[in-house]
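Trainee: this one's structure only:
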Ligand code: AMP
């Protein structure tokens, strides 16, 4: 087997690192679809997925996804064809994901909220061949997919999930391959898998980006499933675990900390959408034992809607923003529930509180790496010099689950990685010692983005889009605090020579006309005569962030 030739667009792991990760067992030679099949062979009658729409055992999930893979093949889709996903957390999303993997296709982890600005760019970058969209959302993704196909010469296939009435003519994932003999479908999958090299791409994730448009993150078969398995082991999950998840399952955190992690140990995935009342009710019904809470739900778990879950939860993991003492106390309660923290990124590495870590460290740090070959360095942001233990610097990491380069982005890769392959995360961190044991404390970030309830908004990307309006001469987008979502975008704007300050409606209409996903739109506009600068002439975002906070306080929105 040799890996697919991406014409130099994929950065391989160095041969010595790859060999070491294989020897340590952190990498595997098996294709990812085979790993699901292995779990299904071990736990055929256990429940693999529970959603509001229905459930599947491992045997059912395995057989249906074999059939879907065979149907993809029958439609002319070929291994290494990228497939754009615009779906939410549905049963059919799980079917589509594994169906793609078993056919050797590469899911591209875009979101249902993305529009032409994002999808056009990413579909072009990866040369996507198929598009899977959800029906029944407030936006017509089927119509949108047809527009995308008109612009993308490689795009040839459209599939839907949740087209409950069968109103649109694209094929439904739910129906795909149901007429194929399961034995023939299995043979098809095995033939595909025999040709998958461990270094082949299994999924394309997206980065929030540190400059410009989102970058594409290639995850490979050798490492991706094992990343989930390492997480499941770190938390002591077994086939008895019931793993709740209500943030996008297609995101890397969804795949690595829920979908693959649960299925790597025979656990049940309990999948819901972010609307917390319905999600918590489903999870309470099936007695969820494991739950990852992103900071977009920090408020919701403090409400009484969450009370019924407290009885059955064994491990609660909080992630995305600093954890207050109140939140930690609420989650920990008086039972034998364990509460910890997770820090991670689609580029790969994540850290989690060790199970035996004292509460003092679980409440104030994000623990440590989950893989023994993971390496962490805290560097001076402007050089490759390490800072002393305890001092704040840029978190940099290298390891079996961390990419060595973004896909087709040589210029960006030149600065996003150190000369010896450590990924510069753009996050600020310090090492805090618990005796001899290191823990990571997150201390802010240097990358210029807004973390809106877990969705990253790249400030520069939005600034460039805003300035495409002739009435906007300059723009600076900064994060402003928000109680529910953690952060939202605030745009400081300078009008053109006419001095006319555009209304929020006109700015929104402008971004809409450019096909920009709504979650990136600024939620507050402030017009200035000019943007403040630092003494080296850069826009002074620190002072703008302080101004945004002062304004929210003056408005009584923030205490
Ligand atoms: P993503 O690739 O979308 O998962 O985003 C990764 C980024 O989210 C990290 O680089 C951090 O900036 C942020 N992040 C993830 N976990 C945490 C956490 N526990 N605390 C603060 N920021 C976090």
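Mentor: Perfect, I can see it now. Values in this document were obtained by computation on a predicted structure and should not be read as measured data.
Trainee: Would it be right to say that residue 308 lies in a helix?
Mentor: Yes: applying DSSP: H, G, I helix; E, B strand; the rest coil, one finds residue 308 inside a helix.
Trainee: State the number of residues packed around it.
Mentor: Neighbour count for residue 308, taken as other C-beta atoms under 10 Å: 14. Yep, even glycine has a C-beta here, placed from its N, CA and C like the rest.
Trainee: The strand or helix carrying residue 328 and the ligand in contact?
Mentor: Element membership for residue 328, per DSSP states H and E: helix 325-332. No: counting by C-beta under 6 Å from any ligand atom, the ligand has no neighbours in helix 325-332; the shortest distance is 12.6 Å.
Trainee: give me every residue that touches the residue lying farthest from the centre of the chain.
Mentor: Centroid-distance maximum for the chain: residue 498 at 42.2 Å, with C-alpha atoms, centre = their mean. By C-beta atoms under 8 Å, 6 or more residues apart in numbering, the contact list for residue 498 reads residue 471.
Trainee: Against the ligand, how distant is it?
Mentor: Distance, residue 498 to the ligand, using C-beta to the nearest ligand atom, to the nearest Å: 39 Å.
Trainee: On the three-state scheme, that residue is what?
Mentor: coil.
Trainee: Next, give phi and psi for it.
Mentor: phi -70, psi -20 (degrees, to the nearest 10).
Trainee: Can you tell me how far it is from residue 471?
Mentor: 7 Å (C-beta to C-beta, to the nearest Å).
Trainee: Could you name the helices and strands sitting against the helix holding residue 328?
Mentor: Applying 3 or more C-beta pairs under 8 Å, 6 or more residues apart in numbering; DSSP states H and E, we find helix 325-332 packed against strand 315-319, strand 338-344, helix 359-364.
Trainee: Pipe the ones you listed into a markdown table and attach mean pLDDT per row.
Mentor: As requested, the helices and strands packed on helix 325-332 are exported to a markdown table (pLDDT from 0 to 100):
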| stretch | mean pLDDT |
| --- | --- |
| strand 315-319 | 97 |
| strand 338-344 | 97 |
| helix 359-364 | 96 |
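Trainee: Reformat those as CSV; add mean neighbour count.
Mentor: Below are the helices and strands packed on helix 325-332 laid out as CSV (neighbours: other C-beta atoms under 10 Å):
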stretch, mean neighbour count
strand 315-319, 23
strand 338-344, 23
helix 359-364, 18
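Trainee: how about those in TSV, adding distance to residue 274?
Mentor: As requested, the helices and strands packed on helix 325-332 are arranged in TSV below (distance: least, C-beta to C-beta, whole Å):
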stretch	distance to residue 274
strand 315-319	14
strand 338-344	17
helix 359-364	25
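Trainee: Would you mind measuring from the residue nearest to the spatial centre of the chain to the ligand?
Mentor: Centroid-nearest residue in the chain, with C-alpha atoms, centre = their mean: residue 251, separated by 2.7 Å. Remark: distance between residue 251 and the ligand (C-beta to the nearest ligand atom) = 6 Å.
Trainee: Low-confidence bits of the protein, can you list those?
Mentor: Counting by pLDDT under 70, the ranges of the chain that qualify are 167-168, 209-212.
Trainee: Name the residues of it found near the ligand, please.
Mentor: 208, 252-253, 319-321, 341-346, 366, 425, 427, 442, 445, 451, 456.
Trainee: could you redo the last one with a cut-off of 5 Å?
Mentor: For the chain, the residues in contact with the ligand (C-beta under 5 Å from any ligand atom) are 319-320, 343, 345-346, 366, 427, 442.
Trainee: Closest one to residue 118 out of those, please.
Mentor: Looking at the residues of the chain next to the ligand and their distance to residue 118, the nearest is residue 346, at 14.9 Å (C-beta to C-beta).
Trainee: Next, give phi and psi for the closest one.
Mentor: phi -60, psi -20.
Trainee: what's the burial count for it?
Mentor: Residue 346: 23 neighbours (other C-beta under 10 Å).
Trainee: surely it meets residue 205?
Mentor: Yes: the criterion here is C-beta atoms under 8 Å, and residue 346 meets it with residue 205 at 4.0 Å.
Trainee: Now do the shared contacts for those two.
Mentor: The contact sets of residue 346 and residue 205 overlap at 109, 217, 251-252 (C-beta under 8 Å, 6+ apart).
Trainee: Mind listing what's buried along stretch 382-392?
Mentor: By neighbour count on 16 or more other C-beta atoms under 10 Å, the buried set for stretch 382-392 is 387, 392.
Trainee: Contacts made by that stretch with the rest, please.
Mentor: Contacts to stretch 382-392, defined as C-beta under 8 Å, 6+ apart, come from residues 377-380, 393, 418-419, 428-433, 438, 443-444.
Trainee: just the helices in the stretch 1-150 of the chain please.
Mentor: Ranges of helices in the stretch 1-150 of the chain, per DSSP state H, counting those that start in this stretch, are 15-23, 32-42, 58-74, 91-102, 116-126, 141-151.
Trainee: Now render these as TSV, adding distance to residue 537.
Mentor: Converted to TSV, the helices of the stretch 1-150 of the chain look like this (distance: least, C-beta to C-beta, whole Å):
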stretch	distance to residue 537
helix 15-23	41
helix 32-42	49
helix 58-74	53
helix 91-102	47
helix 116-126	30
helix 141-151	39
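Trainee: and residue 174, which of those is closest to it?
Mentor: Using C-beta to C-beta, these put helix 91-102 closest to residue 174, at 5.3 Å.
Trainee: So what's the residue count around the spatially closest residue to residue 99 that is not a sequence neighbour?
Mentor: Among residues not flanking residue 99 along the chain, residue 68 sits closest, at 3.0 Å (C-beta to C-beta, 6 or more residues apart in numbering). Residues lying near residue 68 (other C-beta under 10 Å) number 29.
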